[in-house]
Each structure stands twice: as C-alpha cells, then as structure tokens.
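Trainee: No sequence on hand, only this structure:
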C-alpha cells in the first residue's frame, strides 16, 4: 500500500512553482520532505537526540551534499564515490546553519543533524536556493523546539528587474546576486555579490526576497497542519537560580561597566575581566561554591554582556574607548615579501592579514567539477586562520568551514575588479596573523594592496568593513558600530560585513540575531558602513595610489598568441618533442588551449626572461608562417645546390624554399655562385605552388628590372610535347603479322 502523500505548492508568479512533499520517503527521520522545482529534487531530513549533550551549546550539524547521479555523472578522480564536500557544498551548509541555529532555544543541547541531499538536478534550477526551505520544512514536521519556519531565496537583478531563484544563464547577466534567509517577520541572513550597486538597491533586493520567503513560510505551516503538527517534545532544560543570578549581577555589573568604560587593549581587558571573575568567586564560601559554583560563569557572562551593551547604548562608548562610528588605527605596507609576485600587510587595530599574489597560466586555474557545475576559476582566494592569531593552541584539522566561507566572501569582493582580459591565473592567499574583529574584511583590504603591488591592473581598489548593532527593544535605543571587535560580534545583535569601491558595493555578508530588525536600522547601518569603507579606501590608496605598471622583475611575464588549429600539432611536435625542447631552451612555460568555437589555438607563454619569451614567439612565428601569394619577402641563402640556392625567410627562421637557378636573374645563369653566395640577403617574390611540380615557387628576377632588349624564350608547348611522346610510343609498338 502506497503511503499518503501530503503536498503544498508555492507559486513564484512567473509560471514556475516549488512543491514541498512529505509522507513517503525517509519516514524514520524525525522530519523529512522532498522539495521540487523543475527537475531539481532535494531530500531534507532532520533528527535530534532525546537526551541532552554534555556540552553547553547546541551541537547542530547541517550537511548538504550533491549526488553525482543527480546529474547523470560519475565522480571525478580514481575513487568513484562521493567523498569530502566541495567548497560550494560547504558554503550552502553555512548559509542554512546561520539561519536555523538562532531559532533553537538557548538551553536546547541535544545532538541535532540536518541533512539535505540533491537527488535530481535541473540545469535551469540552482539547488542551493532551495536548501533552507527543505531544512526548515523538515523541522516543521518534527517535534523539535523551534521558534518559527524560515526559508531562503536567491534574488538577482537582471536588466533592472528582480528575479527569485534565477537560472544559471540569467544569473550570469545579473548585477546583484544575493541569498537572503528570513522568517515571515524578520530578515536573518544576507550574503551575496554585486556589481558596485548602491545601498538603496541592496535594501530593495532584500525586501523583494523577503516577500517571496513569506510565501514559502506560509506553505510550510499549511503542510505541517495537513500532515498533523506534533507536540513539541519535552527536553532537559538547564538548571537556573534567578536569586543567585541577581547576586552575581549586583557584584559584577558596575565593575564590568567601569573596566569597559576605561578603554583598553584585548589583552588588558581579558586580564581585568579574569581578575574580576576570580574576585567574584572569592566572595563566596566554599559551601556556596560547591552548591552554586556551576552557575558562576553563566551569570557572570550575562552580567558582563549587559554592562558592555548598556555602556554603548547610554554613553556611545565601546570596549576599546572608541565612539560608535570610529575605526581603529590602520597601517599598511606593500611589497613586504621579496619572493612572491605581490604582497601586502594590512593591520587594523588588533587584526592583521598578510596577503600574497601568485601569477600563473591557465594550467593553474582552479578546476570546478561538481554535479551542478563544471568550469574553472582564473581568479581565486584562499583564507587561512591559524590558532596563533587569537593566542590559542589547538590542533590543525584541515580547512574549516569558517575558512572556506570567509575566503569566499573576500573572493567575491575582489573578483569583479580584476579585468576580464587579465592574461594570468591569479591566486591570492591571506594569512591571518592577528584577529580581533573581521579578519575577512582585513583580507579584502590586504588582497587589494597585494594585487596592485603585483601589477594586476584592477579596475578600482576595494575595501571592506564589519558593522555591528546593539539594540534595546524595550527602550527602542540602538547603536550601529563601525569596525567591530571580536567581543562586540559576540555580544551584539548583528554582524554585517560589506565591501566595495568608491562607487558601490561588491559583496556583503550579514547575520542578524534579533527579531524584527527594521529596514530603517539596516539602511542606517549601510550608510555608516559606506563612510567607514571610504575612510579605509583612502588609506589604501595613500599606500599605493594605483597598480604598478608592470609585474615585478622576478614575476613571470605572460604573452598570449593565437594560432590556427592546424599548426597546433607542429608546435607540440611528435610526442611533445618540439614544445618540450622550447621550454627547456628558453626556460618558459608554454600552455596550448584549443578553442572549438573559433577553431584557433591560444598559446600562453609564461617566463621571467624576455629573451626566452621572444625566442618562443620567434619559433611560433616560424612554425605558423604562411607566405602570401604575390608578396615580397626578404630571404637569406643557407645552402647552394647545382640547380639553385636554398633560401630561408628572414621573418620566419627555419622556413626554407628552393630558389630555382632559372629564377635568379633574367639572363641565363650557368653557375649559382655567379649571382649569389652563402649568407647573401635579398628579396624574392612568392608565387605559390608551381602547378607542375607542386612545390613552392619564389623568384628573384621577378622583382628585378628586365634588361633592355631582353627576349624571353617562348614557353614550352606541353601539348606538342605530349603528342610527340605519344607518336614515339606508337612507333615502338610491335607490328602484327
């Protein structure tokens, strides 16, 4: 018997629909849905343990995987099985996690797993835009304690019009591309890239996406009601003692306020707050500590957070003594490292990034091979966040999701400012050396400086800033903070990173921790961010006003040469002999790519020595040389034969042709050396292939003046010669009796 299917449909208003189904697949999960749009099918499942984990946070894991079978493809590589997630899958996991996590109760600590799997792929539907919907819909069918349904939508602006969940083809034409996560009431997450759009346009895109998300949230509610909404499970809540919390608050609040108001460095604050916490513990008896000691850290942190927030709201002061719109001191330096092709240090307060640039050929491009996308990136950025940058010692366990996410944000910020005709593959690496607030924005600034130092002709320099928010719902007060500290990120209500040029925004990432953030506050934050961004941009351009005119002396120079496809084989040579010899002799790297559309070969020559590059170009010119009928060329005698000299084209060494003795001069030539000798240079005219010999014909005499009174010998009558040969043949035939 086939189980009953429950289904809801969401109309996107342009003939496209999204459906959410449940009741037939993965029924042992605590909640499961199938989300369809076109031929794209996602399976979303959620499971949460009934017993609490011993940790004091929510151990939530969001996993998104794209199955190669979904696109009718095999996994690449030796092992034909999906393994570690790709960067694009990790980025989708982060997008979903950032919206879901704040909606679980703070005291819910059960191990929870959300799994979203792409089971079928449609080239016209980008599945990551549906992942948040699949996760939230599955949770709505479970008994988890979860505040309200959410969803995500991808919004793009194409030719001035906003589109929800565009196809890949339309997205390629967009000047705004953003993922927005929200509930019916509040925007909670924004991430995307723009082509220097205004703050007003960005806010309009968010509003447009939010309207679509409201419809998706309503569909989840209807589906849960039709399926039968489960009662929320009971779970082990954290113990609390409000009387003890008040005691801790009364002891700590004002002292924390005073420490924060004094303004100090991260290390000084940490030491003072640690000493205050020890003083708090010392104020209790051993019996009280044994009974209540487990609450001290929790309630002390609560009192500390309240005091610091109140200081900012009441007096407009921050932990390090700055005002709300002040940016920490900045210093920059370019050409910091001698060997990389470009380098720069950017330091803002206690955050520091060292960026390097490496230039390469198309062979160094970042290859993308996933079920939903194939291609390559000629510009990419990697971000590293070692433990020492925060004064910690912890094991290194590969690239973290955070590193992937922050690197992607910085890459999006910079990539559109690298010219499309840049001949190099460009890799930027950011090493975060110190971190106390927005190392990703420091990466953007350091990356800009390093690219300009490397001689990459950026269209415009890019800077970035992280904004924060502290608000009080009861009083309506709020404070937008420019260039937030790590502590302000933790205790604040918003983390909003925005990057751009002097003319507009290039990328953004926003996480909002409070419900019902008004667009008025958002627009205020965007305006304040623009002021901060321009301030930082001025410091960058004071450090290096424009990109260096050329790459560094030790950096490779890139020259591209287009050749007809017919010559690619000759350039490579049998078994690669020709190209390998060229690389060995010149010290250059030579890469050949075929363009099937234009039927041309693109030859990339990468070398640090201009003489070597010139030698490669000369060899290519020689191999691809094709003389034009009727043109005159300069040649050099390289060999003398009885029936004429062998000459070499000066402009294409290695290309030889026989100059027949009869074409040396108008007068009869008995000996070749009577007219030319070894090494002589002169002009000849090209006549194409001789129809009789099928060999190329050149003539010296054709460009010489004809001697006065010269009479040419009449051309041979080939027909008469043929008749004579036929008659002679007949004469030799034996007679019959």
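Mentor: That came through fine. All values derive from a computational prediction rather than experimental measurement.
Trainee: what's the weakest-modelled helix or strand in the chain?
Mentor: Least confident helix or strand of the chain, by mean pLDDT, DSSP states H and E, is helix 718-731 with a mean of 52.
Trainee: Run through the protein and note the low-pLDDT ranges.
Mentor: The chain contains residues with pLDDT under 70 at 516, 712-737.
Trainee: Go through it and flag its longest strand.
Mentor: Selection of the longest strand in the chain by residue count, based on DSSP state E, yields strand 40-52.
Trainee: I'd like the next helix or strand past that one.
Mentor: strand 60-66 (DSSP states H and E).
Trainee: Okay, angle between that next one and strand 40-52 too, please.
Mentor: Per axes from the mean of the first three to the mean of the last three Cα atoms, to 10 degrees, the angle that strand 60-66 makes with strand 40-52 is 160 degrees.
Trainee: Run through the neighbouring helices and strands of strand 60-66.
Mentor: Secondary-structure packing of strand 60-66 (3 or more Cβ pairs under 8 Å, 6 or more residues apart in numbering; DSSP states H and E): helix 87-100, strand 110-120, helix 128-140. (Glycine included, C-beta is placed from N, CA and C.)
Trainee: In a markdown table: these, plus mean neighbour count and distance to residue 667.
Mentor: Below are the helices and strands packed on strand 60-66 laid out as a markdown table (neighbours: other Cβ atoms under 10 Å; distance: least, Cβ to Cβ, whole Å):
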| stretch | mean neighbour count | distance to residue 667 |
| --- | --- | --- |
| helix 87-100 | 22 | 77 |
| strand 110-120 | 21 | 83 |
| helix 128-140 | 28 | 82 |
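Trainee: so which of the ones you listed gets nearest residue 77?
Mentor: Minimum separation from residue 77 across those (Cβ to Cβ) falls at helix 87-100, 15.8 Å.
Trainee: Point out the other elements, helices or strands, that the closest one touches.
Mentor: Using 3+ Cβ pairs under 8 Å, 6+ apart, the elements in contact with helix 87-100 are strand 60-66, strand 110-120, helix 128-140, strand 150-158, strand 176-183, strand 187-197, helix 401-415.
Trainee: Out of the ones you listed, which gets nearest to residue 76?
Mentor: Short answer: strand 60-66, nearest of the helices and strands packed on helix 87-100 by Cβ to Cβ, at 13.0 Å.
Trainee: Neighbouring strands of that closest one in the sheet, and parallel or not?
Mentor: strand 110-120 (parallel) (DSSP bridges).
Trainee: Quick one: end-to-end length of stretch 648-655, please.
Mentor: Counting by Cα to Cα, to the nearest Å, you get 6 Å between the two ends of stretch 648-655.
Trainee: can you list contacts of that stretch?
Mentor: 618-619, 621-623, 625, 627, 633-636, 638, 656-657, 681 (Cβ atoms under 8 Å, 6 or more residues apart in numbering).
Trainee: what does stretch 486-496 give?
Mentor: By Cβ under 8 Å, 6+ apart, stretch 486-496 touches 266, 269, 305, 308-309, 318-319, 390, 435-438, 466-471, 481, 484, 508-514, 517, 525, 529.
Trainee: ok so, going back, between the helices and strands packed on helix 87-100, which one is nearest to residue 31?
Mentor: Going by Cβ to Cβ, the one of the helices and strands packed on helix 87-100 nearest residue 31 is helix 128-140, 4.0 Å.
Trainee: chain center to the closest one: distance?
Mentor: The chain centre lies 25 Å from the centre of helix 128-140; the measure is Cα atoms, centre = their mean, to the nearest Å.
Trainee: Quick check: bridge partners of residue 183?
Mentor: Bridge pairing for residue 183 - DSSP bridges - gives residue 150.
Trainee: who wins for proximity to residue 601 among the helices and strands packed on helix 87-100?
Mentor: Nearest to residue 601, of all the helices and strands packed on helix 87-100, is helix 401-415, at 27.0 Å by Cβ to Cβ.
Trainee: Can you check what angle separates the very next helix or strand once past the closest one from helix 401-415?
Mentor: Next helix or strand after helix 401-415 toward the C-terminus (DSSP H and E): strand 425-434. If you take the same axes, to 10 degrees, strand 425-434 sits at 130 degrees to helix 401-415.
Trainee: Okay, now the sheet partners of strand 425-434, with direction.
Mentor: As assigned by DSSP bridges, strand 425-434 forms pairs with strand 351-360 (antiparallel), strand 379-384 (parallel).
Trainee: what separates that strand from the chain centre, distance-wise?
Mentor: Computed by Cα atoms, centre = their mean, the chain-centroid distance of strand 425-434 equals 13 Å.
Trainee: show me what contacts residue 239?
Mentor: Residue 239 makes contact with 294-295, according to Cβ under 8 Å, 6+ apart.
Trainee: Where does it sit: helix, strand or coil?
Mentor: coil (DSSP: H, G, I helix; E, B strand; the rest coil).
Trainee: mind checking the end-to-end distance for stretch 685-693?
Mentor: Terminal residues of stretch 685-693 are spaced 18 Å apart (Cα to Cα).
Trainee: same check, this time on stretch 73-85
Mentor: The first and final residues of stretch 73-85 sit 16 Å from each other (Cα to Cα).
Trainee: So which bits of that stretch are buried?
Mentor: Neighbour counts using 16 or more other Cβ atoms under 10 Å place 75, 85 of stretch 73-85 among the buried residues.
Trainee: So which residues make contact with that stretch?
Mentor: By Cβ under 8 Å, 6+ apart, stretch 73-85 touches 63-65, 67-68, 93, 369, 371.
Trainee: Output the residues you listed in TSV; the columns should cover distance to residue 646.
Mentor: Output for the contacts of stretch 73-85, formatted as TSV (distance: Cβ to Cβ, whole Å):
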residue	distance to residue 646
63	71
64	68
65	66
67	64
68	59
93	69
369	51
371	59
